[in-house]
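K.L.:
Got a predicted structure plus its sequence, pasted below:
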Amino acid sequence: MATKTIEVRAKYKNGITTINALITHPMEPGSRIKNKTGDITSPHFIQEVTCTYKESTLLTAQWGIGMPTNPYLSFSFNGGKKGEEITLKWVDNKGGSDTTTTIIK
């Protein structure tokens, strides 16, 4: 995608790093009927979200049609250090994807 779709923040406090991410995505379940044509919309949803830190996978989430539009994700892990990088990536069922990196603050 040409436009960045992930807003992510990582904050370290008392030995724990908390990741908060907002992903801009339509998350269409494929069960809605288009008013003008009567056709069913095609599904378009994020299938997988991955978060990595120091080349290790912190989180792999398998999502589907039940997720809301513009999903929000938050989780914490023991460790991390201020100034280090966290990478978040998503891939959808139509081949779309986005990746972003943020610095732990």
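P.N.:
Ah, there it is. Everything numeric in this text was worked out from a predicted model, so none of it was measured. Numbers count the residues shown, from 1 in each chain.
K.L.:
which stretches of the chain have low pLDDT?
P.N.:
Flagging of the chain using pLDDT under 70 yields the residue ranges 1-2.
K.L.:
What ranges does the chain have for its strands?
P.N.:
Using DSSP state E, the strands of the chain run over 6-13, 16-23, 46-53, 56-62, 72-78, 85-92, 97-103.
K.L.:
for those, which one sits closest to residue 40?
P.N.:
strand 85-92 (18.3 Å; CB to CB). For the C-beta atoms, the positions are set from N, CA and C on the backbone; glycine is no exception.
K.L.:
What is the closest one packed up against?
P.N.:
strand 6-13, strand 16-23, strand 46-53, strand 97-103 (3 or more CB pairs under 8 Å, 6 or more residues apart in numbering; DSSP states H and E).
K.L.:
Specify the angle between the shortest one and strand 46-53 in degrees.
P.N.:
Note on geometry: by axes from the mean of the first three to the mean of the last three CA atoms, to 10 degrees, strand 97-103 and strand 46-53 are set 30 degrees apart in direction.
K.L.:
Strand 97-103: which residues count as buried?
P.N.:
For strand 97-103, a neighbour-count test (16 or more other CB atoms under 10 Å) marks 98, 100, 102 as buried.
K.L.:
partner strands of it, parallel or antiparallel?
P.N.:
Partner strands and pairing direction for strand 97-103 (DSSP bridges) are strand 85-92 (antiparallel).
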